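# How does the following fold in three dimensions:
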Amino acid sequence: MENIHQTITDILVDKLGLAETEVTTDANFIKDLGIDSLDYAELIMEFEQAFDLKIPDNDAENLATINQAVEYIRKKIELKSNSQ
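Below is the predicted model:
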């Protein structure tokens, strides 16, 4: 799970120019990090590419914090590896 968090942190720092110290587990993408809807859509695409998975729009709408994204991606990766 730490690896997932670090990858998400790296994406936020690299793509959005955020400071790594801002990217805490309970940080809200919109309220705390100031990400707008366009940035958020791009962020979801980056997550899909980085973790080689598909995040449906209804699921993406429920990922408000970094921790929620980490947990969601961890579960998706587990399901994917269990089905192979």
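
# Determine how far the longest helix along the chain lies from the middle of the whole chain.
Across the chain, the longest stretch assigned as helix under DSSP state H is helix 66-82. On the basis of Cα atoms, centre = their mean, to the nearest Å, helix 66-82 sits 10 Å off its chain's mean C-alpha point.

# Next, give phi and psi for Asp36.
Main-chain torsions, Asp36, degrees, to the nearest 10: phi -90, psi 180.

# re the thing from before, please work out which residues outside the longest helix of the chain touch it.
1, 4-5, 8-9, 12, 23-27, 29, 47, 51, 53, 55, 59, 62-63 (Cβ atoms under 8 Å, 6 or more residues apart in numbering). (Glycine included, C-beta is placed from N, CA and C.)

# hmm, which of these are the buried ones?
Among the contacts of helix 66-82, the ones that count as buried by 16 or more other Cβ atoms under 10 Å are 4-5, 8-9, 12, 23, 27, 29, 47, 51, 55, 63.

# Among the residues you listed, which are located in helices?
4-5, 8-9, 12, 47, 51.

# And Met1, what's its pLDDT?
The confidence metric pLDDT takes the value 61 at Met1.

# could we number from 3 for the rest of this?
Sure thing, new numbering starts at 3, so read that last one as Met3.

# sorry, back to before: possible to save the buried ones among the contacts of helix 68-84 as CSV with pLDDT and distance to Ala43?
Shown next, in CSV, are the buried ones among the contacts of helix 68-84 (pLDDT from 0 to 100; distance: Cβ to Cβ, whole Å):
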residue, pLDDT, distance to Ala43
Ile6, 95, 20
His7, 92, 21
Ile10, 94, 16
Thr11, 94, 19
Leu14, 94, 14
Val25, 90, 19
Ala29, 94, 18
Phe31, 94, 11
Phe49, 97, 11
Phe53, 96, 16
Ile57, 97, 11
Leu65, 95, 12
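
# could you dump stretch 39-46 to CSV, C-alpha only?
C-alpha atoms of stretch 39-46 as CSV (Å, rounded to 0.1, in the frame of the first residue of the first chain):
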residue,chain,number,x,y,z
SER,A,39,-12.5,19.1,-12.3
LEU,A,40,-10.2,19.1,-15.4
ASP,A,41,-7.1,18.3,-13.3
TYR,A,42,-9.1,15.6,-11.5
ALA,A,43,-10.1,13.9,-14.7
GLU,A,44,-6.5,14.0,-15.8
LEU,A,45,-5.4,12.6,-12.5
ILE,A,46,-7.8,9.7,-12.8
